[in-house]
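[1] need coordinates for the following:
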Amino acid sequence: MKHHSPAPASKDKHPFWLKSSVTLIGLSLLFVILSYGKFILMPLAFAAFISMLLNPIVNKLESWKLGRAFSIILTLLLVVIVFSGIVTLISAQFVQFSERIPEVTDRLKSVTAEGVQFLEETVGISEEERTDYLEQGLSNLIDKSGQYLGSVVSATTSAFTLMSLLPIFIFFMLYYKEMYQTFFRKLFERKEGNSMIDGVLDNVQEVTQNYLVGMLTVIGILAVLNTTGLLLIGLEHAIFFGVFASLLAVIPYIGIIIGALPPLLFAFLLGDSLLTPLLVIAVFGTVQFLEGNFITPRIVGSKVAINPFMAMLALIIGGELWGISGMILFVPLIGILRVIFEQIEELKPYGYLLGNRIEY
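    Numbering: from 1, shown residues only. Sure thing, here's the model as predicted:
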């Protein structure tokens with residue numbers, strides 16, 4: 001008589017519905033924390049990225065026996081000088097472009113009047129109805145102008161607050177970097193040692209540095225390509241438009257599209273013919289193709305690459321929670337989370353879900 005051995009007990013002591021509920025509650029709390037804590041989490045996130053980018057420079061200066069504090073201050077001064085130079089270049093180009101703004105405004109009014117007249121002739125909108133629509137639009141604009149002004153003031157205040165806090169946060173993150181590493185080792189200490197947490201920290205630092213250096217390189221290449229293309233088609237203020245569009249590449253997927261709108265509008269309103277805006281579209285379309293298929297994959301690499309669907313979700317969620325800063329930060333943050341998840345056995349399925357490698 002055969003005896004059937006009892007089925008081995010499942011290692012998972014918690015039912016699926018309980019784990020799913022806890023995960024859902026945790027995600028909800030995370031959204032609440034990100035939403036209400038953005039005033040401090042946003043500058044911390046920027047400071048963490050910049051700190052990891054500047055860490056090799058600080059280490060190099062420290063190797064010259066300059067001391068950690070002085071090395072950090074010297075590095076921050078170098079960053080301020082480079083940033084000021086870029087801002088000065090863009091400002092000088094913008095001053096030249098601003099001289100044409102009244103001309104652009106007049107042309108835009110003329111095009112709008114022609115469009116209204118076209119609608120009146122084709123759709124049959126009377127002059128009285130047109131006046132009513134105009135008055136209603138002005139009324140709505142006046143009603144919402146206070147909200148827009150408040151949003152602009154709030155955004156400006158947040159930007160100044162962020163710029164004032166960033167150097168302080170970066171200094172302390174670089175100064176106490178060993179303390180934070182030791183904190184994570186103590187937090188995740190196991191009997192077999194700290195090899196896993198050390199590997200995770202090293203991978204996160206390496207991937208983040210590669211991503212940031214790669215993105216800066218991509219922005220520089222895009223600035224050259226955009227400016228060269230616009231100069232070849234003879235568009236005025238090509239340097240301003242080319243550099244401006246390249247800087248917006250920090251917003252994945254849609255940044256370069258947003259950056260193409262000002263030169264396209266300028267070419268459409270003030271161009272000699274309809275061929276000029278078509279050439280602008282051709283320039284940015286070509287640059288977008290090269291950036292998406294050759295430049296970014298080869299320079300940034302696939303270590304922080306996430307699948308396009310997750311990237312789109314990160315853009316939407318980041319924009320809703322933190323505005324433009326969220327659109328810039330959330331895609332690389334998701335990429336870093338993917339690297340962390342792939343190092344931890346229990347979280348590997350989530351790392352696979354975030355990635356762009358399909359396995360069957």
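[2] the stretch 251-360 of the chain: helices as residue ranges?
    255-270, 275-290, 296-299, 308-322, 324-343, 348-354 (DSSP state H, counting those that start in this stretch).
[3] just so I know, which of these lies nearest residue 228?
    helix 275-290 (8.9 Å; C-beta to C-beta). (Each C-beta comes from the backbone N, C-alpha and C, glycine too.)
[4] show me which residues of the closest one are buried.
    By neighbour count with 16 or more other C-beta atoms under 10 Å, helix 275-290 contains the buried residues 276-277, 279-280, 283-284, 287-288.
[5] quick check: angle from that helix to helix 255-270?
    170 degrees (axes from the mean of the first three to the mean of the last three C-alpha atoms, to 10 degrees).
[6] and helix 275-290, what does it pack against?
    On a contact count with 3 or more C-beta pairs under 8 Å, 6 or more residues apart in numbering; DSSP states H and E, helix 275-290 meets helix 195-232, helix 255-270.
[7] so which of those comes closest to residue 34?
    So among the helices and strands packed on helix 275-290, helix 195-232 is nearest, using C-beta to C-beta, at 19.3 Å.
[8] thinking again about what came up before, JSON lines for the helices of the stretch 251-360 of the chain, including mean pLDDT and distance to residue 25?
    Putting the helices of the stretch 251-360 of the chain into JSON lines (pLDDT from 0 to 100; distance: least, C-beta to C-beta, whole Å) gives the following:
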{"stretch": "helix 255-270", "mean pLDDT": "86", "distance to residue 25": "34"}
{"stretch": "helix 275-290", "mean pLDDT": "92", "distance to residue 25": "41"}
{"stretch": "helix 296-299", "mean pLDDT": "80", "distance to residue 25": "37"}
{"stretch": "helix 308-322", "mean pLDDT": "87", "distance to residue 25": "18"}
{"stretch": "helix 324-343", "mean pLDDT": "85", "distance to residue 25": "19"}
{"stretch": "helix 348-354", "mean pLDDT": "86", "distance to residue 25": "17"}
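[9] low-confidence bits of this structure, can you list those?
    1-13, 111, 113-121, 123-161, 189-195, 301-305, 359-360 (pLDDT under 70).
[10] quick one: contacts of stretch 162-177?
    42-44, 46-48, 50-51, 54-55, 58, 68-69, 72-73, 75-76, 180, 325 (C-beta atoms under 8 Å, 6 or more residues apart in numbering).
[11] what's the answer for stretch 299-317, then?
    Contacts for stretch 299-317 (C-beta under 8 Å, 6+ apart): 207-208, 210-211, 214-215, 217-218, 221, 251-254, 297, 326-327, 330-336, 338-339, 353-356.
[12] OK, contacts around the residue lying closest to residue 264 once chain neighbours are set aside?
    Nearest non-adjacent residue to residue 264, counting by C-beta to C-beta, 6 or more residues apart in numbering: residue 280, 5.0 Å away. Going by C-beta under 8 Å, 6+ apart, residue 280 touches 230, 233, 235, 260, 263-264, 267.
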